[in-house]
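**Student:** Give me a 3D structure for the following:
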Amino acid sequence: MPIITKSKFMNGEKCSRLLWFANQKQIPKPNISDKHKFQQGYDFEEYVKKLFPEGVECSNKDFKTNIDLTTKAIINQDIIFEAGILSGNFYIRADILQPQPDGWNLYEIKSTTQAKIHHIPDLAYQKFVCERYGLKIKKCFVIFINKEYIKKGNINYNELTMLEDVTDKVNKIENLEEKANNYLKIIKMDKPAEIIKSISKNCNSPYVCPLKSDCWGTLPENNVLQLTNWRMYWDLFEEGKENGKLDINDLDESLEFKPKDKILIEAVKDNKIKIQKPNLKLFLDSLTYPLYHFDFETFDTVIPIYDKTRPYQKIPFQYSLHIQHQNGRIEHYEYLADGNSDPRIELLKTLKPIIEGKGDVIVYNKSFEKSVLEKLAIDFPENMEWIQDVINRLKDLANPFRNFDYYNPSQKGSYSIKKVLPAITGKSYSDLEINNGAIASIKYFNSHINSKTMVDYISDKEEIRKNLLKYCGLDTEGMILIVNEMIKLVESN
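**Tutor:** Sure, this is the predicted structure:
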């Protein structure tokens, strides 16, 4: 019998194509980032359950056992974790069902820092199935993480969690049965919906769809979704689906585009790099040598690990620093924490003597390094003076590329260093074992910090450390290469 579970219902809300492939079990397997997010969610759930000490555990059970245990708990009027409710073709596992004198309260646990709009249809479907089964749902709640919670000793789970009553919002969701029956029809189809009809804003929200790379990979190499004005490009995309004009080369030149999109379109149509030499020169002339090319790597967890830290706080565990002198001399310093104690203490101790001085601190996307430094100054006030000096010296190398003062069609609308470095220097991250910040963070966390996984990484730890140093080192070496290429471009005829 085909069944619409809670996850399938939410897949249907996002995309009918995703729903079809999910039902066929043809969704790509979770990657390392997905697994990390799932584990963070599970960790939060364990603390939430402490709020309901009398709860009956029905999770981690097979389909039939889950339903049988839930039925017994409903009869006994117990608080139920992972309550399995089946009504016809519709099935849910509710995070928490709590009996009331004249009904039940329904709770959804989310490891987010607020109740979000997509949590509402999730709860609405659960309420629909519960009431179809015969349970009266009185109120619906989202339990989420308190982003202002600061760890002081053992975790205080009452302070860690926040609760929002979303009953009124849930009750405004209509046509649940019609939607659920429509999703039943979709999973029974012989083939999924057409790709072009499935691509929408939902591909990126509320999370990036696991099918996005496959679906978007069918679009023209240079397509309208690479434009920077997202309001305009989605309008152009919807028009293009009808008239077959999704290629940037096919855009009507009479349309009014923002300056950056004009540069992007010209670069694609001319198949030529676009350079605003005066703007690059202004940026280069503003730099004060020596240049301290600097980059952090960080990890974060939903449950704070160290005292004086908050949920999802970025904890720096590694840095790379290339000092570029005006005469061409280069110095390189790096740090990678070991052990599972708070890495920030030793990191600050090693960083202070090598980054103090005169000269700009060059970073790529200033807001990230600035926010990490500001939090370090707050958490370790004895370092505030020299950290503030570093903050005052920050210069953002991303600015010329954010402004499209240099734009290569190979960037596909992006100004990230992963796109800019190969575009302007030919050097790439593609050959590295660790080639992005998310993987770096999780690999470090699992091999150094997370006691649940460290034993699995014993044989790989040294290799991971070597790859982390390569990755972070390329970030700052790459900034030197980018600056040098900018200088060549400005000085060329």
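
**Student:** Scan the helices and strands of this structure for the one with the lowest mean pLDDT.
**Tutor:** Every helix and strand of the chain was ranked by mean pLDDT, DSSP states H and E. The lowest is helix 230-243, at a mean of 90.

**Student:** just the CA coordinates of that one, formatted as CSV?
**Tutor:** Listed next in CSV are the C-alpha coordinates belonging to helix 230-243 (Å, rounded to 0.1, in the frame of the first residue of the first chain):
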residue,chain,number,x,y,z
TRP,A,230,17.4,37.2,-8.3
ARG,A,231,14.0,38.9,-8.6
MET,A,232,14.6,39.5,-12.3
TYR,A,233,16.2,36.2,-13.1
TRP,A,234,13.3,34.2,-11.8
ASP,A,235,10.9,36.3,-13.9
LEU,A,236,13.2,35.7,-16.9
PHE,A,237,13.3,32.0,-16.1
GLU,A,238,9.6,31.7,-16.0
GLU,A,239,9.3,33.5,-19.3
GLY,A,240,12.1,31.3,-20.7
LYS,A,241,10.3,28.1,-19.8
GLU,A,242,7.5,29.3,-22.1
ASN,A,243,9.5,30.7,-25.0
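
**Student:** hey, where'd the helices end up in the stretch 1-150 of the chain?
**Tutor:** 6-14, 16-23, 32-49, 63-75, 119-133 (DSSP state H, counting those that start in this stretch).

**Student:** what about the closest residue in space to residue 407 that isn't next to it in sequence, distance to residue 32?
**Tutor:** In space, and not counting its chain neighbours, residue 407 is closest to residue 274: 4.7 Å by CB to CB, 6 or more residues apart in numbering. Just so you know, the C-beta spots here come from the backbone N, C-alpha and C atoms, and that holds for glycine as well. Separation of residue 274 from residue 32 (CB to CB, to the nearest Å): 36 Å.

**Student:** Would you confirm that residue 17 contacts residue 196?
**Tutor:** No - here residue 17 does not reach residue 196: they are 10.4 Å apart, not a contact under CB atoms under 8 Å.

**Student:** who has more neighbours, these two?
**Tutor:** Shown here are residue 17 and residue 196; by other CB atoms under 10 Å, residue 17 has more neighbours (21 against 14).

**Student:** if I pick the more buried one, what's in contact with it?
**Tutor:** Going by CB atoms under 8 Å, 6 or more residues apart in numbering, residue 17 touches 192, 193, 195, 198, 211, 215.

**Student:** So it versus residue 51, what's the distance?
**Tutor:** Taking CB to CB, one finds residue 17 at 38 Å from residue 51.

**Student:** now residue 92
**Tutor:** 21 Å.

**Student:** Of the contacts of residue 17, which is the most crowded?
**Tutor:** residue 211 (24 neighbours).

**Student:** Outline the domain layout of this structure.
**Tutor:** Domains of the chain are assigned by automatic domain parsing as 6-187, 195-270, 280-491.

**Student:** what about the longest one, start to end distance?
**Tutor:** Read that as domain 280-491. 11 Å (CA to CA, to the nearest Å).

**Student:** Let me know how buried the residue nearest to residue 407 is, in neighbour terms.
**Tutor:** Neighbours of residue 274 (other CB under 10 Å): 18.
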